[in-house]
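Colleague: build the 3D model from these lines:
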Amino acid sequence: MFELQGYGPLLIKGTILTVKLGLASLIFGLIFGLLGALAKLSGIWILEKIANAYTTIVRGIPELLVVFFIFFGGSVILAALLKQFGYTGRIDISQFWAGVAALSIMFGAYATEVFRMAIQDIPKGQWESAQSIGMSSLQTFRRIILPQMWMVALPGLGNLTLVLLKDTALVSLIGLQDLMYFSQRAAQSTQQPFTFFLAAAFIYLALTSIITVLMMWFEDRANPAARYAKKLRKLGGKS
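Modeller: Predicted coordinates:
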């Protein structure tokens, strides 16, 4: 049994913030990834170049540098932009939203390729068939392509979500009071790093286990055919 010496509530507080950070980053990251994939497949030269530059640059530099760049450089860039409109006040970016921005950008860069490959995996004939009955491109994507795309992309997105959760620990280096932040402070105060880092490891493991179970459930719900086949196998085993 861990002796947390009164730091248990702080670890719980940090865990809650870690979950909030991960969920917010996941939502924005999925949006970035989907937009990036659509840009790459748009056939519009400038959009393709922007999307390619985005994924190449972000995937080519360490995640920690992205966090530092957003936190320390974001306020400078915003101040320079707002100065053009006459605003000369101080611009501060909170650790939480800097973390969300950095993690979302990183997640989106990898999710772009997952979505792109998932969309390309769907036969082009389905686009043509939908348009032949009068569907617009937007209706075709929303009603025909999007449901199938999720089914193909979910395993890859599940792996990226696990990586995203673990990457939230990087944000503690800019002062965000997440799980890793409080674990480090507790370890320093009590001189028992093994105890608190092991406790943090178990909490991260619990969170990743929950994510794994949820992704398995989503994959099952997104594939009715596989779910029906599973039921048939169960019925066959009982007979």
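Colleague: show me where pLDDT drops low in the protein?
Modeller: Across the chain, residues meeting the criterion (pLDDT under 70) sit at 1-2, 223-239.
Colleague: spatially central residue in it, please.
Modeller: By Cα atoms, centre = their mean, the chain has its centre lying nearest to L26, at 3.4 Å.
Colleague: so which bits of the host helix or strand of that residue are buried?
Modeller: L26 is part of helix 8-40 when elements are defined by DSSP states H and E. For helix 8-40, the neighbour count (16 or more other Cβ atoms under 10 Å) marks 10-11, 14-15, 17-19, 21-22, 24-26, 28-30, 32-40 as buried. For glycine as for every other residue, the C-beta is placed from the backbone atoms N, C-alpha and C.
Colleague: try stretch 173-186
Modeller: For stretch 173-186, a neighbour-count test (16+ other Cβ under 10 Å) marks 173-174, 176-186 as buried.
Colleague: mind saving the C-alpha coords of stretch 147-160 as PDB?
Modeller: Extracted in PDB, the C-alpha atoms of stretch 147-160 (Å, rounded to 0.1, in the frame of the first residue of the first chain):
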ATOM      1  CA  PRO A 147     -19.300   6.500 -41.300                       C
ATOM      2  CA  GLN A 148     -17.000   4.100 -43.200                       C
ATOM      3  CA  MET A 149     -13.900   6.300 -42.600                       C
ATOM      4  CA  TRP A 150     -14.400   6.100 -38.900                       C
ATOM      5  CA  MET A 151     -14.500   2.300 -39.000                       C
ATOM      6  CA  VAL A 152     -11.200   2.100 -40.800                       C
ATOM      7  CA  ALA A 153      -9.500   4.900 -38.800                       C
ATOM      8  CA  LEU A 154     -10.500   3.900 -35.300                       C
ATOM      9  CA  PRO A 155      -7.600   1.500 -34.600                       C
ATOM     10  CA  GLY A 156      -5.000   4.100 -35.600                       C
ATOM     11  CA  LEU A 157      -6.800   6.800 -33.700                       C
ATOM     12  CA  GLY A 158      -6.900   4.600 -30.700                       C
ATOM     13  CA  ASN A 159      -3.100   4.300 -30.700                       C
ATOM     14  CA  LEU A 160      -2.700   8.000 -31.200                       C
END
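Colleague: for it, the distance to its chain's centre please.
Modeller: Remark: stretch 147-160 is offset 12 Å from the chain centroid, using Cα atoms, centre = their mean, to the nearest Å.
Colleague: swap in stretch 29-42?
Modeller: 13 Å.
Colleague: same check on stretch 203-221?
Modeller: With Cα atoms, centre = their mean, you get 14 Å for stretch 203-221.
Colleague: which residues sit against that stretch?
Modeller: 11, 15, 18-19, 151, 154-155, 157-158, 161-162, 165-166, 169, 179, 226-227 (Cβ atoms under 8 Å, 6 or more residues apart in numbering).
Colleague: and the buried ones among those, selectable in ChimeraX?
Modeller: To isolate in ChimeraX the members of the contacts of stretch 203-221 that are buried, counting by 16+ other Cβ under 10 Å, one can use:
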select :11,15,18,19,151,154,157,158,161,162,165,169,179
